[in-house]
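>>> Any chance you could fold what I've pasted below:
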Amino acid sequence: MGTPCHFALFDLKPGYRLDLDQLAARYRELARAVHPDRFADATEREQRLALERAAQLNDAYQTLKSGPRRALYLLAVSGRELPLEATVQDPQFLLQQMQWREELEDLHDSADLDGVAAFKRRLKTAQGELDGDFAECWNDPERREEAERVVRRMQFLDKLTHEVRQLEEHLDN
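Below you'll find the predicted structure:
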């Protein structure tokens, strides 16, 4: 990779478990140093480089602060990029997805805010379990398939959480 490792950019050891507050603080510190305003009087080349560094820093931060994106990144830098068209060889989770989708639809139809809050808590718990699972297996070549399966599950839950937030906003209005 021609670009520096996202973890190195923040002086972090590559790994799944991160202190997100520490990451955010370091990001703000670094962002101030490369902020384009600081280069207002610099040469055009220096301004361009500052913009590139700011964009790179932002991309690294967005990747590392998101569990699923961080997991995908770790797999990619360890030479195990996930095929995008991944066929889901995970019938148990497919069933779970269908149940969650149905439940979300029912919550939408019934406009049940308490139900939405409870659903959100269950998703958060499931995400926490997946975080633990991924942290345990991502670095073990013997458990590569498991790590990939966990990442796909994480991505689904991330998307579902986003949809739940949208439903909440919709019901609040």
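>>> and residue 49, how many neighbours does it have?
Neighbourhood size, residue 49 [other CB atoms under 10 Å]: 14. To be clear about C-beta, it is placed using only N, CA and C from the backbone, and glycine gets the same treatment.
>>> which residues touch the nearest residue to residue 116 once chain neighbours are set aside?
Excluding the flanking residues, the one nearest residue 116 by CB to CB, 6 or more residues apart in numbering is residue 107, at 5.3 Å. Under the criterion of CB atoms under 8 Å, 6 or more residues apart in numbering, the neighbours of residue 107 are 115, 116, 119, 167.
>>> Can you tell me how far the first one is from residue 37?
Read it as residue 115. 47 Å (CB to CB, to the nearest Å).
>>> Looking at the two, which is more packed in?
Taking neighbours as other CB under 10 Å, residue 115 and residue 37 compare with residue 115 leading, 15 against 7.
>>> so that one is in which element?
Using DSSP states H and E, residue 115 falls within helix 113-137.
>>> show me the contacts for residue 63.
Going by CB under 8 Å, 6+ apart, residue 63 touches 6, 69, 70, 73.
>>> what's the angle from the host helix or strand of residue 98 to helix 113-137?
Assessed by DSSP H and E, residue 98 sits inside helix 91-110. Going by axes from the mean of the first three to the mean of the last three CA atoms, to 10 degrees, helix 91-110 is angled at 160 degrees with respect to helix 113-137.
>>> chain center to helix 91-110: distance?
How far helix 91-110 lies from its chain's middle: 22 Å, per CA atoms, centre = their mean, to the nearest Å.
>>> State the distance from the spatially closest residue to residue 103 that is not a sequence neighbour to residue 99.
In space, not counting the residues next to it along the chain, residue 103 is nearest to residue 119; the distance is 6.4 Å by CB to CB, 6+ apart. Between residue 119 and residue 99 the distance is 11 Å, computed by CB to CB.
>>> Next: residue 172.
Distance, residue 172 to residue 99, by CB to CB: 25 Å.
>>> Looking only at neighbour counts, state which of the two leads.
More crowded of residue 172 and residue 99, by other CB under 10 Å: residue 99, with 10 against 7.
>>> Mind pulling up the pLDDT for that one?
In this model, residue 99 is scored at 95, pLDDT.
>>> Among the contacts of residue 63, name the ones in helices.
If you go by DSSP state H, the contacts of residue 63 have 6, 69, 70, 73 in helices.
>>> so who does the second one touch?
By CB under 8 Å, 6+ apart, the contact list for residue 69 reads 62, 63.
>>> and if we set it to 6 Å?
Applying CB atoms under 6 Å, 6 or more residues apart in numbering, we find residue 69 in contact with residue 63.
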